[in-house]
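In: Any chance you can model this:
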Amino acid sequence: MAFLDHIRFCNAYDLKDFVPFRVGQARVGLMRRGLSLELRRFGGLFHVFEDLVHLDPRLTTYADRTKAVDEALSALSEDGLLPRLRGEKYPVMERLSDDPVFEIDRAAATAFGIINRGFHLNGVVGEGDAARMWVARRAWDKSTYPGSLDNIVAGGHPVGYGPQENLIKECAEEAGIAEPLARQAVATGMVSYTMEVDDGGPSSTGGEMGGGLRRHAFWVYDLVLPEDFTPRPVDGEVAEFMLMPWREVASIVERGVVQGPAGFKYNCNLVVIDWLLRTGRIDPDHPDYLELCTGLHAVFP
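Out: Okay, here's the model as predicted:
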């Protein structure tokens, strides 16, 4: 597996068994036809057709839509058709630039195929060929991708937080990075991908949000850390932090382990590739340079 294989892995999907999910004129998601048929049990809440699911147009406010859908999700989760609800809400919108039309529990984001957002942070020490990168190992008892390598800090983007506010919160909770230092992180762009996820849970791609279509966009930040700073696990999400030479990090990604103790969680590979491109460590002489650059910014179906 080469760098490009990670991008292909994260952008593998087939929409033939998916139907659009609409709120008014906005197509806010894509769900498997099997799930759409299950929604008929909720009477008029979802208008279910062969090739379309439409939220009841009589729900005209953000709050009413959120409440009604949340009740349906609780029932689906209790019946094992969705993962356990997390109580963390994501905004639902057609495009990242749109105002959200309601909120949905994070556990249902993939099943309903909504666009979900987050961020990943690179923690870098030193410059040039001597640069090193702090790498996290996910907790061994974590329900998703236990023991896999990860970026120093990463997280979803729930309702109620601005991008920098969320970054500062997660830096403190995951790695003990104080706010003054976290504020020095520099936003470098976004990475996006669309991945079809099996219903098989952890045996497939970790069961992070259940089966369906994972349409994910995340901000990428770089933070230059002092030589005398050592991140520390705070909230139990991380087992340990390791400071690795950048060439070792690149080698782990390039040799192609998708996840598990010897490799990074699948989407963290994209973050490393993005950093290697931006810093010239993967240069235009690389045979896959163009595909790598464009593949990190996939257009959502």
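In: list the buried ones in the longest helix anywhere in the chain?
Out: Scanning the chain for the helix with the most residues, using DSSP state H, yields helix 62-78. In terms of neighbour count (16 or more other CB atoms under 10 Å), helix 62-78 has its buried residues at 65-66, 68-70, 72-73, 76-77. C-beta here means a position set from N, CA and C on the backbone, and glycine is covered the same way.
In: try stretch 250-266
Out: 250, 252-254, 258-259, 263-266.
In: Pull it out as PDB, backbone CA atoms only.
Out: Presented in PDB, the C-alpha positions along stretch 250-266 are these (Å, rounded to 0.1, in the frame of the first residue of the first chain):
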ATOM      1  CA  ALA A 250       5.900   8.900   7.000                       C
ATOM      2  CA  SER A 251       7.200   5.300   6.800                       C
ATOM      3  CA  ILE A 252       4.300   4.000   8.900                       C
ATOM      4  CA  VAL A 253       1.800   5.600   6.600                       C
ATOM      5  CA  GLU A 254       3.600   4.600   3.400                       C
ATOM      6  CA  ARG A 255       4.100   1.000   4.300                       C
ATOM      7  CA  GLY A 256       0.300   0.800   4.400                       C
ATOM      8  CA  VAL A 257      -1.000  -0.500   7.700                       C
ATOM      9  CA  VAL A 258      -4.500   0.900   7.800                       C
ATOM     10  CA  GLN A 259      -5.100   0.700  11.500                       C
ATOM     11  CA  GLY A 260      -4.300  -1.500  14.600                       C
ATOM     12  CA  PRO A 261      -1.300  -1.100  16.900                       C
ATOM     13  CA  ALA A 262       1.200  -0.900  14.000                       C
ATOM     14  CA  GLY A 263      -0.700   1.700  12.000                       C
ATOM     15  CA  PHE A 264      -2.700   4.900  12.200                       C
ATOM     16  CA  LYS A 265      -6.500   5.100  12.500                       C
ATOM     17  CA  TYR A 266      -7.600   5.300   8.800                       C
END
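In: Rounded mean pLDDT for that stretch, please.
Out: Per-residue pLDDT over stretch 250-266 has a mean of 84.
In: Outside of it itself, list whatever touches it.
Out: Applying CB atoms under 8 Å, 6 or more residues apart in numbering, the external contacts of stretch 250-266 come out as 1-3, 5-6, 9-10, 137-138, 145, 147-150, 195, 205-206, 269, 272-273, 276, 281.
In: Cool, thanks, signing off.
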